[in-house]
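Chemist: Prediction below, plus the sequence it came from.
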Amino acid sequence: MKKSLIDMSVTANLSVNNRSVLLKMTPADGSVLPECKPGQFVEMLVEGEPKAFLRRPISINYVDVEKNELWLLIQKVGAGTLKLAEVKEGDIINIIYPLGNGFTIPNNKEQKLLLVGGGVGVAPLLMLGTELKKAGHTPVFLLGARTKDDLLLLDKFKEISEVYVTTEDASEGEKGFVTQHSVLTKERFDFIYCCGPGPMMKAVAQYANKVATECEVSLENKMACGIGACLCCVEDTTNGNVCVCKEGPVFNIKRLKW
Amino acid sequence: MKKSLIDMSVTANLSVNNRSVLLKMTPADGSVLPECKPGQFVEMLVEGEPKAFLRRPISINYVDVEKNELWLLIQKVGAGTLKLAEVKEGDIINIIYPLGNGFTIPNNKEQKLLLVGGGVGVAPLLMLGTELKKAGHTPVFLLGARTKDDLLLLDKFKEISEVYVTTEDASEGEKGFVTQHSVLTKERFDFIYCCGPGPMMKAVAQYANKVATECEVSLENKMACGIGACLCCVEDTTNGNVCVCKEGPVFNIKRLKW
Amino acid sequence: MVKTNVNIGSLKLKNPVMTASGTFGYGTEYSDFIDLSKLGGIIVKGTTLAPREGNPYPRMAETPSGMLNAVGLQNKGVDYFVENIYPQIKDLDTAVVVNVSGSTIEDYVAVAEKINALDKIPAIELNISCPNVKEGGMAFGTSPRSIEKVVKAVRQAYNKTLIVKLSPNVTDITEMARAAEAEGADSLSLINTLLGMAIDAERRRPILSTVTGGLSGACVKPVALRMVWQVSKAVKLPLIGLGGIMNATDAIEFLLAGATAIQIGTANFIDPQISVKVAEGIEEYLSRQGCHSVQEIIGGLVL
Amino acid sequence: MVKTNVNIGSLKLKNPVMTASGTFGYGTEYSDFIDLSKLGGIIVKGTTLAPREGNPYPRMAETPSGMLNAVGLQNKGVDYFVENIYPQIKDLDTAVVVNVSGSTIEDYVAVAEKINALDKIPAIELNISCPNVKEGGMAFGTSPRSIEKVVKAVRQAYNKTLIVKLSPNVTDITEMARAAEAEGADSLSLINTLLGMAIDAERRRPILSTVTGGLSGACVKPVALRMVWQVSKAVKLPLIGLGGIMNATDAIEFLLAGATAIQIGTANFIDPQISVKVAEGIEEYLSRQGCHSVQEIIGGLVL
């Protein structure tokens, strides 16, 4: 899959909650978006922010093929993402994409698939769920957050399929962490996809190992180049240190030393 | 004169020509502008521009006491001023002011005063001319620029008093440099004030020396702090190296080693 | 209530925030902007035996996240300081430290002796690391032998707190630190500026009159932090960390790396109130982290 | 038509722009973004005798106008390079230079010998300045004696263009440059990264797994320029300048300071097309300044 450096024109900047925005953008030169796989990411150039020297890697949230729009869910966690979240319709953002490997789409349509997301980690699951459904699967979502307000894009997930929810304060769904949700004791899944904070992903991986379910997680190691050149974002795997940006960000947990 | 660090609220950003804007601003906290002298300057903080680490010193163009507005004429010469020229009404700019000494206002109202400006160097002459007139003087302006389009705020100067003009391409006024203008051969002045590019100021100083006229020039040495602490902006004077930001920017040419 | 006071030898600071020599004049330049009594201390301008004109203009170049300077110790000499400046600053309610510079050991000693006689100056900072003068300065600070000589000589002439300011332009800064410690320094401040250069490509000329100058500002922080950490493991002396501190978080990083106090330098040029803001920010951090005293974070880096 | 070709010893480059080791993979990582044949050369990843896993994650920290890295020479070893990488890159229409790293002189020599046998590799860059490995690397590059030893040994084993990459973490880089020149280096590249450190104040921990790492990016340019200028006056060898080059103007500054060619490093991470843009920008500058050849500006600083 050929990677491109391209100027994108922002078509919308939608507030999701007070810490997150959904940016929609389309190639400024009018070209058609390349094929992107769920789980892939982009490297966004941050302009006008002295504290952001490097690009910011951001998961692809969704690709609206009809409108030729790329969606990126940005959580304001630092100076770089804060600046990116400020862009306005018509602004130009330079990105490199599509990067990384993406999640596996199983062939067997009978498999029960669980998509587990936490916080802004739900981002790639929107595209993954959509693609799985398109491919004839029936994905189920399990989304966790601190509070109801931190559940990002919940309505969009509900449009795709069934959604189970946990919040730490019980403001929506079951109280607790995703791994404590009752659906996990009631149902068995054949494949779990997970993206979220490290501790959450490790807990999910532990669960998957316990019940002997296939599991893919999307890692967020800090990276510089995004294209496998700098070797900064390595994860220690069964094959030694590998670049998360190139051989990941999605890894089958069997490859990880968690 | 007490110096302040203060947030200013931009009330207008007016395009002057394609390389310059006139910013008007008022203290964001509603306080009354301090007394500023013509020739003094401000140090503007540049935010969101990685190439501008330090503040940018900018001459005070005018103080509109009635509207409690400070005017700053910004020429886009580098990344910092380019960024400053982009501010919009309502934006906040942090400044330190008023800095430096300012021009001398003579007591003798009979003196013939010539205010010579070149390029963006005309900026402090607007306030100087206004103050001189207010004090009962009849200042005369001699403004030079490359082309007609580079003559900044010409109408405002004409509102104050008589204006002689030179342009290098003869698109307005007499052709040539300010020191070639015929008024200098026809009339004798008792005091010349000058602000503009270095070579122009040196030529004017040479003329003033030749005709034995008092002359003050406003220097633009590159500076860091603006308050006499860093000792970077020094000019070699008859008293040795002195800070342009503190003992200047206005110097009687007798003090300079030009 | 968090305790913020620290000791540098017998020098007592009400908080760890000092201002760096050459960036804060004699303090008075900043009194319009801040209450100087809220600072731990002020290190005034580099003072030499004879008056100095410094280097010709241009002396400054802006660089990515920093600046180069080539001031070259412009000052009116120690006698002028004693007669004209000292009376103006001696009653400031903060520790006033004099940065002592020179070209020869005799110069350093002579200045130190004169400052030793000033009751209200509790400490000197020995500047053996100025990159902007032809003789002396950095030359002294880049060899353990010459550091030993100059520190030994000044130690004999000066009986209050002796801080030695180290140059980062060395292969192994711990060697320099140990040399200063061995000869009786009470404290080390680090880092002085990194030697750098800027060029105007269009004019094909160096920007500074001296071609090279001293690099400071946010850009040097990683190097400064590393050196403070290395030196904190090599010597027992209290350290004063500086180099690119732009905010309270930066200052806290230096404290964690092993500095007992810190200096704000170039940041004063961008925000003349930053020194007080940093002092306040450190206190906020300590409260937030549940510390009762700043001592709890000094050298508190968890490996 | 401006002539942009330069020679580094017997190594001929079509233009002065190379990409720095460790920032450009084996070139192939960038082939989606640029036409590699538009580059003067590519310095591929640091290659050691045995495979290396490098340092644990985290290996990177963002700093003001720069970054720290602590990769630690992760690579699959020279044999893997010869068998698997070389066939993929040997026919690239640009000079492909191998960065040779090691922990012992014997290692350096063994790698150099194996690379010497590769027809399409016209030069090696001897990395005696990596700050991120426990043994070797920077240790070799901070003493003239050890530089002499390693350069002498490699020189005997390698008969094509030998470039020695210098460490900036030294008191006097000209001493190091002269040592390498004396033992037969054909060229020097400088600077490698400055040793730095970053701390997470909230967690009170170092950000890098190795605590310290190598600083690169725009922030180091003033130091790099200064060292290139100093070394250009100290030795006769052609120099390859690097350190914080983010655009064509930066590159031109290095050429003016005395570098015959330059390397783009960290900037590749921000703009994968920057190397070709810099090559184009240099050509534009030369045309604008009325130069017929890049030779006219090399060392062309007017004092």
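Modeler: Nice, I can see it.

Chemist: make it CA atoms for all contacts and neighbour counts henceforth
Modeler: OK.

Chemist: Next, see if the one helix or strand C:K152 maps to gets close to chain D.
Modeler: If you go by DSSP states H and E, C:K152 is part of helix C:144-157. No. Looking at helix C:144-157 against chain D by CA under 8 Å from any CA of the partner chain, there are no contacts, and the closest approach is 11.8 Å.

Chemist: what's the spacing between that helix and its chain's center?
Modeler: Relative to its parent chain, helix C:144-157 has a centroid offset of 18 Å by CA atoms, centre = their mean, to the nearest Å.

Chemist: Does that helix pack against any helices or strands, and if so which?
Modeler: Here helix C:144-157 touches helix C:105-116, helix C:138-141, helix C:173-182, going by 3 or more CA pairs under 8 Å, 6 or more residues apart in numbering or on different chains; DSSP states H and E.

Chemist: Of these, flag the one that's most buried.
Modeler: Burial of those is given as mean neighbour count (mean count of other CA atoms under 10 Å in any protein chain shown); helix C:138-141 ranks first at a mean of 24.

Chemist: quick one: the helices in the stretch 101-250 of chain A?
Modeler: Along the stretch 101-250 of chain A, counting by DSSP state H, counting those that start in this stretch, helices occupy A:123-134, A:154-160, A:183-186, A:198-210, A:244-247.

Chemist: With respect to chain C, which of the ones you listed lies nearest?
Modeler: Ranking those by their distance to chain C (criterion: CA to the nearest CA) puts helix A:198-210 first, at 20.6 Å.

Chemist: what comes up buried for the closest one?
Modeler: With burial defined by 16 or more other CA atoms under 10 Å in any protein chain shown, the residues of helix A:198-210 counted as buried are A:200-208.

Chemist: ok now that helix, how far from the chain's centre?
Modeler: The answer for helix A:198-210 is 17 Å, by CA atoms, centre = their mean.

Chemist: Also stretch C:87-95?
Modeler: Here stretch C:87-95 is found 18 Å from its chain centre; the criterion is CA atoms, centre = their mean.

Chemist: ok so, going back, can you show me the CA trace of the helix holding C:K152 as PDB?
Modeler: Taking C-alpha atoms only, helix C:144-157 is exported to PDB below (Å, rounded to 0.1, in the frame of the first residue of the first chain):
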ATOM      1  CA  PRO C 144      40.400  20.200  35.600                       C
ATOM      2  CA  ARG C 145      43.900  21.600  36.200                       C
ATOM      3  CA  SER C 146      42.900  25.200  35.600                       C
ATOM      4  CA  ILE C 147      39.700  24.800  37.500                       C
ATOM      5  CA  GLU C 148      41.700  23.600  40.500                       C
ATOM      6  CA  LYS C 149      44.000  26.600  40.300                       C
ATOM      7  CA  VAL C 150      41.400  29.300  40.000                       C
ATOM      8  CA  VAL C 151      39.100  27.700  42.600                       C
ATOM      9  CA  LYS C 152      41.900  27.200  45.000                       C
ATOM     10  CA  ALA C 153      43.100  30.800  44.700                       C
ATOM     11  CA  VAL C 154      39.600  32.300  45.000                       C
ATOM     12  CA  ARG C 155      38.700  30.000  47.900                       C
ATOM     13  CA  GLN C 156      41.600  31.500  49.900                       C
ATOM     14  CA  ALA C 157      40.400  35.000  49.100                       C
END
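
Chemist: buried stuff in it?
Modeler: Within helix C:144-157, the residues that count as buried by 16+ other CA under 10 Å are C:144, C:146-155, C:157.

Chemist: the inter-axis angle of the helix or strand just after that helix versus helix C:173-182?
Modeler: As assigned by DSSP H and E, the chain's next helix or strand after helix C:144-157 is strand C:161-165. Strand C:161-165 runs at 160 degrees relative to helix C:173-182, counting by axes from the mean of the first three to the mean of the last three CA atoms, to 10 degrees.

Chemist: got the angle between strand C:161-165 and helix C:105-116?
Modeler: If you take the same axes, to 10 degrees, strand C:161-165 sits at 140 degrees to helix C:105-116.

Chemist: For strand C:161-165, which strands pair with it and how are they oriented?
Modeler: Applying DSSP bridges, strand C:161-165 is found paired with strand C:123-127 (parallel), strand C:187-190 (parallel).
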